[in-house]
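>>> Structure for the following, please:
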Amino acid sequence: MKRSFHQFHCHDDLLAGTLDDASVGDAPYNSTGLLIVSGGNEIRSGAHAGIARLAHKIAENGFPVFRYDRRGIGDSSGTNQGFLGAKDDINAAAEYFRKARPSMEKIVAFGNCDAASALVLFGKEIAIDEAILANPWVIEQTGLTGQSAATLPPSAIRSRYWQRLKKPKSIADLLTGKIDLKKLLSGLKQASRKQENTPLSLQLRDGLAALNKPCTILLADRDTTALAFLAAWNSADFAQARALPDIALKTIDSASHSFADDRSGKWLEDQLLKALKNS
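Take a look at the predicted model:
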């Protein structure tokens, strides 16, 4: 496997990217490549180099992988416009990826959290052939830091409380006064609210309906962000999206938002390889 470093333009800014590719003798070349879109303010190597390791493993199977820093992040110039302003960054990366690998016929794009949301919102306008969305972000908040129960849909709050109450330690903590009853009652009040989808979730619904490309949604089903998306997905508002034959939803029993543990990390890798092989 060989790794090379690249620079490409997005308007007047210069973006940094990394291409992981199978070298001759390591694995056969494939005509499908993986474009990794970073989420949040994460650099292209990922937290603790997790994305770099994932790219290496995918490339070892013969698939080229391109990842990049969007404007204002990591080694890229410009102003960080957040995931809602990332359309041109994704488009520029996809176009450069095709130029770097002219024999490549298809691009599968993968994003986690708000990168997944960006792929839904802009995927119809970007030269990609398939989207893999992990734990899409639907909460009306700019990041995960400072997230509270009040920001989550009631069904997600109920699910989180149910997961906690199934643990014997939580019952013991409640009986011994270690759990703050005031906070508990506040959380239960939030859980009893009427379920309403956020404006962002409705934008994702419309994006999924208009995507017109194969799309797989991957959820760590005990992750807070995934629970919020699942609440929206199971609502009446998403009935049309759920009925689309080219959208599939898969879950794993995990609380890891970034699939950081060995088991969920291997599951994510397997799902990506399956999509690349079947595209």
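>>> so what are the domain limits for the chain?
2-142+197-278, 154-194 (automatic domain parsing).
>>> from those, which stretch is densest packed?
Comparing those by mean neighbour count (mean count of other C-beta atoms under 10 Å), domain 2-142+197-278 ranks first with a mean of 19. Placement of C-beta: from N, CA and C, glycine included.
>>> Sketch out the low-pLDDT regions of the stretch 101-250 of the chain for me.
Applying pLDDT under 70 to the stretch 101-250 of the chain flags the ranges 141-195.
>>> mind listing the strands for it?
All strands of the stretch 101-250 of the chain, identified by DSSP state E, counting those that start in this stretch, fall at 106-112, 130-134, 215-220, 247-252.
>>> To Lys57, which of these lies closest?
Ranking the strands of the stretch 101-250 of the chain by their distance to Lys57 (criterion: C-beta to C-beta) puts strand 106-112 first, at 12.9 Å.
>>> Arg44: what's it in contact with?
For Arg44, the contact set (C-beta atoms under 8 Å, 6 or more residues apart in numbering) comprises Ala16, Gly17, Thr18, Ile36, Ser38, Ile51, Ala52, Arg67, Tyr68, Asp69, Gly74.
>>> any chance of those in a markdown table, plus pLDDT, distance to Ala100 and secondary structure?
Output for the contacts of Arg44, formatted as a markdown table (pLDDT from 0 to 100; distance: C-beta to C-beta, whole Å; DSSP: H, G, I helix; E, B strand; the rest coil):
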| residue | pLDDT | distance to Ala100 | secondary structure |
| --- | --- | --- | --- |
| Ala16 | 98 | 13 | strand |
| Gly17 | 98 | 8 | strand |
| Thr18 | 98 | 11 | strand |
| Ile36 | 98 | 14 | strand |
| Ser38 | 91 | 18 | coil |
| Ile51 | 97 | 18 | helix |
| Ala52 | 97 | 18 | helix |
| Arg67 | 98 | 12 | strand |
| Tyr68 | 98 | 11 | strand |
| Asp69 | 98 | 16 | coil |
| Gly74 | 97 | 19 | coil |
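>>> any idea which of those is closest to Ile247?
Closest to Ile247, out of all of the contacts of Arg44 and judged by C-beta to C-beta, is Ile36, at 20.5 Å.
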